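Peer 1: Got a sequence here, can you build the structure:
(chains A and B)
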Amino acid sequence: MTLDEIRKNLYTEEKEKPFLHHIYICVAAGCLSFHSDKVLKALAAEVEKQGLSEEVEVKGVGCLGLCTEAPLILIEPGTIYYRAVQPEDAPEIIAALGKKPVARLLSPSDQPFFAMQKKIVLENSGLIDPEKIEDYISVGGYSALFNVISSGNSAEVIETISKSGLKGRGGAGYPTGLKWSTVAKAPGNEKYLICNADEGDPGAFMDRSVLESNPHKILEGMAIAAYAVGAKHGYIYVRAEYPLAVKRLRTAIKQAENSGILGNRIFGTNFSFTLDIRLGAGAFVCGEETALIASIEGKRGSPRSRPPYPAESGLWGKPTLINNVETFANISAIMQNGWEWFASIGTEKSKGTKVFALAGRVRNTGLIEVPMGTTLRAIIFDIGGGIPDDRKFKAVQTGGPSGGCIPEQYLDMQVDYESLAKVGSIMGSGGMIVMDETSCMVDVAKFFMEFCMTESCGKCVPCRVGTVQMHALLEKITSGSASMEDLEKLEELCDLVKNTSLCGLGQTSPNPVLSTLRYFRHEYLAHIQEKRCPAGVCKISQKKGVHP
Amino acid sequence: MLTAEKRGETVAEVKPQEDIRWKKIEGAMRKHGNTSDALIETLHTVQDVYGYLDEKVLHKVAVALRVPLSSVYGVATFYHIFTLKPKGLHTCVVCMGTACYIKGAQAVLDLIEKEYGIKPGETTEDGKLSVLTARCLGSCSLAPAVVIDGEIIGKMAPEKIFEKLQGVVNHDS
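Peer 2: A predicted model of the protein is given here:
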């Protein structure tokens, strides 16, 4: 069966005339919590009432990006964005179609937030209905998979991905093509594929949004990967905290199976690939690949030492390919447009784009996708619109509990894997939290240490005991009872935990402390020597303090 | 494969309602092949139908999946989402992710503690309200976020939390 035949099967009745106007309403979790579903209903009812059903299409779509102005809607043609739309606004919006837009609701479409982005992963995210496979196919979806399977050359797929320079988007940045070829070369017929959608990093919501907005893109990327490495079964390990993403994934898998795009004998060929969902249960350590595998096997999520790497011995001891959601989301576009196209985007060593979740003390919070190499200043001040309330920028935190805080002097740095590592942070999964002068950097370091302490799985001593001790020292500093000796002890412990922990969680847990010590040492000193918190966050009782 | 009933284990005197709940759990175990790797998926189902992980049910799950009870307990306590205590009639989950923390989630928790006298993980004495924290809800652009009875509420001004919660708690009295 070809894709065209599938498409025809899905469209039982073709519409005679195309719609004149399209109204897209964001129904991803952000806008949904501001009741965009009610806005969708009100608009649909109004279109019906005015007898415009043949001319106007009203559709719920995935994330439009600018979550801060929720509920957000988009009207085409004309690319008109309306912000903070309420159900009561429906009559006015419908009446203005094709005429002058409703000025009071307008969110300018030429603002940097929309204009400066480049969308590969988020392409079509605000244009298609995430619960309809026909929508995805109508924008060219699954044709990359079809071409790959028809060509019958799995080695060529791996070569294309390798040449494109795509690196794992989960955080560590391991070359994707290399990982694929290791799994493909591994002996044995039984191989597995895993999509890591356990987005546990606090402050990151890229994966949630991609899964909610365009789940079929992930399925297509996974099926291509399965074909390339020779896996017949795959799992999507997704957080139970994302109920909407889970629901949409389940719907997408069922639709793809019913259409012959997933399951046995895909497109009528000999290639079979089935997919299952496994729910995470709220353990940050399960983002680590060996812990994730243990969790799929129904056990506690404890990591084990590597090697052997999952590519050789993973799920149930079989060769296993694990990639992140965003990595899989890049695959179909690379296969479609060629590796040269992908490699032409980004910097010398980091290719393509990166999706960032912009949050914290920044005017435009939401989801953005920019080419690798965009500067922090462009992201925070142009796309993000700067810091609200005339406050001063202090730092931006990337990479979550494994990352670091980057101060003002590096705002003009181009963001890619290498430059972030150079300033003591990491790319991580893409969370970007902006902080202004009201945040105390010692308190932020303590916040992340508390996180790592609770999330430590307890298997290895440096992480289990070290994080508790580091947290206690930070607690001492923020309460104003620490001495310079304590600071020394803290630095020593950072070094020890970093170099002796078993897995990534422990090895990177000192990063927030190390990076704040590197750039904001004066804040630590103010807490210790002057018994005061410069940002006024920590409650320091004057009596308790003992000078060293 | 033998199920707990067939082997005649402690499921003789269950009430009809119990029976329906257990059927759902059995269904989940069967779907995942009645093997030990079905454990986490099964616990999700137990929590869905009972609201928490009931100790007696955990015994039955251990027997049915042939997993040592210690491992069941290990898994149940390892993952944050599972709870061994029944929750209150209403739940309020306060997100403590980085973005929410930066924007004042601690103040929301402090106010709840002041008004209701409960800390995260606790339930009011009348069993009406439980307060929990979440690592990150992925609603960072709407920080600070709380979830009251499954509904996400974004941009939660701390001073409004009491009003919001009173509305929910008093609704059914």
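Peer 1: rest of the way, CA atoms for contacts and neighbours
Peer 2: OK.
Peer 1: contacting residues for the residue of chain B found nearest chain A?
Peer 2: Of all residues in chain B, B:Asp37 sits closest to chain A, at 4.0 Å by C-alpha to the nearest C-alpha. Under the criterion of C-alpha atoms under 8 Å, 6 or more residues apart in numbering or on different chains, the contact list for B:Asp37 reads A:Ile296, A:Glu297, A:Gly298, A:Lys299.
Peer 1: Can you classify it by secondary structure?
Peer 2: At B:Asp37 the chain is in helix, as set by DSSP: H, G, I helix; E, B strand; the rest coil.
Peer 1: what number of residues lie near whichever residue of the stretch 201-350 of chain A sits closest to chain B?
Peer 2: Closest approach of the stretch 201-350 of chain A to chain B (C-alpha to the nearest C-alpha) occurs at A:Gly298, with a separation of 4.0 Å. By the criterion of other C-alpha atoms under 10 Å in any protein chain shown, A:Gly298 has 22 neighbours.
Peer 1: per-residue confidence at the nearest residue to it once chain neighbours are set aside?
Peer 2: In space, and not counting its chain neighbours, A:Gly298 is closest to B:Asp37: 4.0 Å by C-alpha to C-alpha, 6 or more residues apart in numbering or on different chains. Looking at B:Asp37, its pLDDT is 93.
Peer 1: for chain B, which helix is longest?
Peer 2: Scanning chain B for the helix with the most residues, using DSSP state H, yields helix B:16-31.
Peer 1: Chain B contacts on the stretch 301-450 of chain A?
Peer 2: Residues of the stretch 301-450 of chain A lying near chain B by C-alpha under 8 Å from any C-alpha of the partner chain: A:Gly301, A:Ala357, A:Leu358, A:Ala359, A:Gly360, A:Arg361, A:Thr365, A:Gly366, A:Gly400, A:Ile433, A:Met435, A:Ser439.
Peer 1: circling back to that earlier point, helices or strands up against the longest helix of chain B?
Peer 2: Packed against helix B:16-31 by the contact rule (3 or more C-alpha pairs under 8 Å, 6 or more residues apart in numbering or on different chains; DSSP states H and E) you find helix B:39-50.
Peer 1: Bridged to A:Gln414, which residues?
Peer 2: A:Thr375 (DSSP bridges).
Peer 1: Low-confidence bits of chain B, can you list those?
Peer 2: Along chain B, segments meeting pLDDT under 70 span B:1-16, B:172-173.
Peer 1: repeat that with 80
Peer 2: B:1-18, B:171-173 (pLDDT under 80).
Peer 1: what does the domain assignment say about it?
Peer 2: Domain segmentation of chain B under automatic domain parsing yields B:16-78, B:90-172.
Peer 1: so where do the helices sit in the stretch 151-300 of chain A?
Peer 2: For the stretch 151-300 of chain A, the helices defined by DSSP state H, counting those that start in this stretch occupy A:154-164, A:176-185, A:206-213, A:215-229, A:243-258, A:289-296.
Peer 1: Tabulate those helices in a markdown table, adding columns for mean neighbour count and distance to chain B.
Peer 2: Below are these laid out as a markdown table (neighbours: other C-alpha atoms under 10 Å in any protein chain shown; distance: least, C-alpha to the nearest C-alpha, whole Å):
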| stretch | mean neighbour count | distance to chain B |
| --- | --- | --- |
| helix A:154-164 | 19 | 30 |
| helix A:176-185 | 21 | 23 |
| helix A:206-213 | 28 | 7 |
| helix A:215-229 | 27 | 17 |
| helix A:243-258 | 18 | 10 |
| helix A:289-296 | 25 | 7 |
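Peer 1: Save the ones you listed as TSV, and put in mean pLDDT too.
Peer 2: Formatted as TSV, the helices of the stretch 151-300 of chain A follow (pLDDT from 0 to 100):
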stretch	mean pLDDT
helix A:154-164	97
helix A:176-185	97
helix A:206-213	94
helix A:215-229	98
helix A:243-258	96
helix A:289-296	96
